[in-house]
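A.B. asks: Using only what follows, build the 3D model:
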Amino acid sequence: MARAAVRTVVEGPVGPAERLWYDPTRWPAFIDGFGHVVRLDESWPAAGARSVWDSTPAGRGRVNERVIDQRPGEGQTLAVEDPRIQGTQEVRFLPVEDGTEVRLELVYDLKQRNPLTPVIDLLFIRRAMRDSLRRTLTRFGRELAADRELLR
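C.D. replies: Numbers count the residues shown, from 1 in each chain. A predicted model of the protein is given here:
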């Protein structure tokens, strides 16, 4: 399994960050390549809930997610699958002196493999995954900052 992980620190306490992350109406604003929700269980973001969403045309295709674990104030673990990968994605919210540290990690297996897959993954795919996670957290930070500005 391969791993891509990023983290950032956002202003403010965990609560607003966590609420924004779990709000599917806001996903188009910050999830890299997000197109639209196809299906979302009413129990989202609780353990066992499922979401299905489609990416933008140049993105991942149809993404299926199932919540493995969700701990209020701490984070969530998802089983994720799209046409090319399957694995787990974790988001963690940690209070820090300057606000909230948000950690995002994707551990994945490529569905289609050949003898060159490990090298291609190491040189290209893993970096692309990490860049996508980084874009997501950058946009997430901007959305959270915009929310704070509206409340001032």
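A.B. asks: And the residue nearest to Gly61 when sequence neighbours are not counted, how far from Glu42?
C.D. replies: Leaving aside its chain neighbours, Gly61 sits nearest to Pro83 (4.5 Å; criterion: C-beta to C-beta, 6 or more residues apart in numbering). Any C-beta I mention is one placed from the backbone N, CA and C, and that applies to glycine too. Noted for Pro83: a distance of 27 Å to Glu42, by C-beta to C-beta, to the nearest Å.
A.B. asks: Which one's more surrounded, these two?
C.D. replies: Pro83 (12 against 6; other C-beta atoms under 10 Å).
A.B. asks: Wasn't that one part of a strand?
C.D. replies: No: counting by DSSP: H, G, I helix; E, B strand; the rest coil, Pro83 falls outside a strand, being coil.
A.B. asks: for this structure, what are the low-confidence residue spans?
C.D. replies: The model of the chain has pLDDT under 70 over residues 152.
A.B. asks: Quick one: the helices in it, in order.
C.D. replies: 14-22, 27-30, 117-120, 126-151 (DSSP state H).
A.B. asks: one step back: look up how far Leu110 lies from the residue nearest to Gly61.
C.D. replies: With C-beta to C-beta as the criterion, Pro83 and Leu110 are 11 Å apart.
A.B. asks: now Asp23
C.D. replies: On the measure of C-beta to C-beta, Asp23 and Leu110 end up 30 Å apart.
A.B. asks: Beta-bridge partners for Leu104, please?
C.D. replies: Leu104 has these beta-bridge partners by DSSP bridges: Val6, Val91.
A.B. asks: May I have the phi/psi pair for the residue lying farthest from the centre of the chain?
C.D. replies: Centroid-distance maximum for the chain: Pro115 at 29.2 Å, with C-alpha atoms, centre = their mean. Per-residue torsions, Pro115: phi -60, psi -20 (degrees, to the nearest 10).
A.B. asks: Over to Thr25?
C.D. replies: Torsion angles, degrees, to the nearest 10, at Thr25: phi -70, psi -20.
A.B. asks: That one: neighbour count?
C.D. replies: 7.
A.B. asks: Enumerate every residue touching it.
C.D. replies: Not one residue lies near Thr25 by C-beta atoms under 8 Å, 6 or more residues apart in numbering.
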